[in-house]
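Chemist: this one's sequence-less:
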């Protein structure tokens, strides 16, 4: 196909900074999620002037999506997060929040508590029922938190560090082996709500360590109270504002990638040619469009994904300030397609997000049935879905055996092959902040400060760019093929299933 744009060729440029690259080096980024846009931002900060982001969807943010909702009379009432909810800080994330004039609020989400569906008892996660004496419970929590905070490497980008080889055991085995069963019962509902459903199963404890490393960035008070901040404007607004500062081709799915001296990317409009490519889309999609070698295909085949739904309902009759994590223990496991968490998206609206996980054969009807069941158990009089359930590949991971065999070392060897680099959640670990930091680390390691032509003026990186108000962005989702779900009314004497 004909090139949409090409810029000047850079065949003479050595890879990995042996010769400083020119500022006009043609860099393509596939994916306008948090990692891809962070890479674009950091490249711009270094002085690169010829960066293009390719995004299949009509919006920026990836798994960060903010959705407006109306009251029962059709009047705008607020927004809810259809993907990532909390702002869990890091220096880079905080810098972006300031640069793009985001307002951080701390009381928009109710304080998180654990609910036991067998007894309907609501407590702080640290005070759940246990036959152990208080001293042993406190001792386990202290030992667990000390163990988690001792792994300072968990704060560094990615998993390619020797410490993670020692954290390859499954979560269940690790807790049992350390004699921390009460700590497991305390923290697993939090991990369930934030990231993954497994108590047993093949998920290495390293991913839990990463999750808790992110929580450790909050102050002690907020950690103890489980009080999480978010952006007042909506999480997606940050990434829409970042995207405004870059060349982003929305609604542009990648059809084919051919790599040689340069990287040619075929899109519906034609062909793009780059000197370097950063893949920031889901890693499992890469072999289907690229000329991936056998080793790359083998690595990608080993990626597992936990699927999760975000179901938003208007629920009448619940107490105010609900944010519950469902207690989930070895002896009383919550079914995977049952909601693991529920919270009111804005105080007083009566609108709630609920989070069930999914097997491959889980149907939307099954999950909606369970959402209505939880609403009834909590004392609701009526529940009705708002919009369509959002289905996500929520948590990509490598299983225990691959983790222990050094899968991340293999991944590291792929960086830079065929002028291609990889960022994203499978490499960085959970959460927006880690995804950003990993992408920034790839830019720092592999993209040195560029040189400028004698006639070229170094672009000014504005510390405080002009940003658009939230109302300027189209945060609505397509209503095509939306299947309406009936509202449910509940009787007070209806028995639990």
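Modeler: Everything's here; your move. All values reported here derive from a predicted model rather than from experimental measurement.

Chemist: What pairs with the strand of greatest length in the chain, parallel or antiparallel?
Modeler: With secondary structure taken from DSSP state E, the chain has its longest strand at strand 304-316. Here strand 304-316 has these sheet partners by DSSP bridges: strand 351-358 (antiparallel), strand 382-385 (antiparallel), strand 390-397 (antiparallel).

Chemist: TSV for the ones you listed, including mean pLDDT?
Modeler: Below are the strands paired with strand 304-316 laid out as TSV (pLDDT from 0 to 100):
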stretch	mean pLDDT
strand 351-358	93
strand 382-385	93
strand 390-397	92
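
Chemist: most neighbours per residue, which of those?
Modeler: Among those, strand 351-358 has the highest mean neighbour count (mean count of other Cβ atoms under 10 Å), at a mean of 24. To be clear about C-beta, it is placed using only N, CA and C from the backbone, and glycine gets the same treatment.

Chemist: TSV please, covering the strands paired with strand 304-316 and showing distance to residue 97.
Modeler: Putting the strands paired with strand 304-316 into TSV (distance: least, Cβ to Cβ, whole Å) gives the following:
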stretch	distance to residue 97
strand 351-358	22
strand 382-385	32
strand 390-397	23
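
Chemist: closest to residue 289 out of the ones you listed?
Modeler: strand 390-397 (16.8 Å; Cβ to Cβ).

Chemist: which other helices and strands contact the longest helix seen in the chain?
Modeler: Ranked by residue count under DSSP state H, the longest helix found in the chain is helix 134-150. Counting contacts by 3 or more Cβ pairs under 8 Å, 6 or more residues apart in numbering; DSSP states H and E, helix 134-150 packs against helix 181-194, helix 205-215.

Chemist: Select, out of the ones you listed, the one closest to residue 71.
Modeler: Nearest of those (Cβ to Cβ): helix 181-194, 27.0 Å.

Chemist: Do a quick rundown of the helices in the stretch 351-497 of the chain.
Modeler: 364-377, 400-404, 407-414, 425-428, 432-446 (DSSP state H, counting those that start in this stretch).

Chemist: which one of the ones you listed is the most hemmed in?
Modeler: Note that of these, helix 425-428 is the most buried (mean count of other Cβ under 10 Å), with a mean of 24.

Chemist: quick one: which of the helices of the stretch 351-497 of the chain is nearest residue 88?
Modeler: Across those, closest to residue 88 is helix 432-446 (Cβ to Cβ), at 5.7 Å.

Chemist: which outside residues touch the closest one?
Modeler: The contact list for helix 432-446 (Cβ atoms under 8 Å, 6 or more residues apart in numbering) reads 16-17, 33-36, 38-39, 42-43, 46, 64, 84, 87-90, 92-93, 96, 157-158, 210, 214, 217, 235, 278, 280, 415-416, 421-425, 427-429.

Chemist: and residue 189, what is it in contact with?
Modeler: Here residue 189 is in contact with 114, 125, 325-328, 340 (criterion: Cβ under 8 Å, 6+ apart).

Chemist: quick one: which of those sit in strands?
Modeler: Filtering these for strands - DSSP E - leaves 114, 325-326, 340.

Chemist: By neighbours, which of those residues wins?
Modeler: residue 340 (25 neighbours; other Cβ atoms under 10 Å).

Chemist: Find the nearest non-adjacent residue to that residue, please.
Modeler: Among residues not flanking residue 340 along the chain, residue 192 sits closest, at 4.4 Å (Cβ to Cβ, 6 or more residues apart in numbering).

Chemist: Number of residues surrounding that neighbour?
Modeler: Residue 192 has 21 nearby residues by other Cβ under 10 Å.

Chemist: Give me the pLDDT for it.
Modeler: pLDDT recorded at residue 192 is 83.

Chemist: Could you pull up the contacting residues of it?
Modeler: 325-326, 328, 334, 340-341.

Chemist: Pull out the buried positions in the longest helix of the chain.
Modeler: For helix 134-150, a neighbour-count test (16 or more other Cβ atoms under 10 Å) marks 137, 139-141, 144, 147-148 as buried.

Chemist: For the residue nearest to residue 43 when sequence neighbours are not counted, grab the count of nearby residues.
Modeler: Spatial nearest neighbour of residue 43, excluding adjacent residues (Cβ to Cβ, 6+ apart): residue 51 at 5.2 Å. Neighbour count for residue 51, taken as other Cβ under 10 Å: 21.
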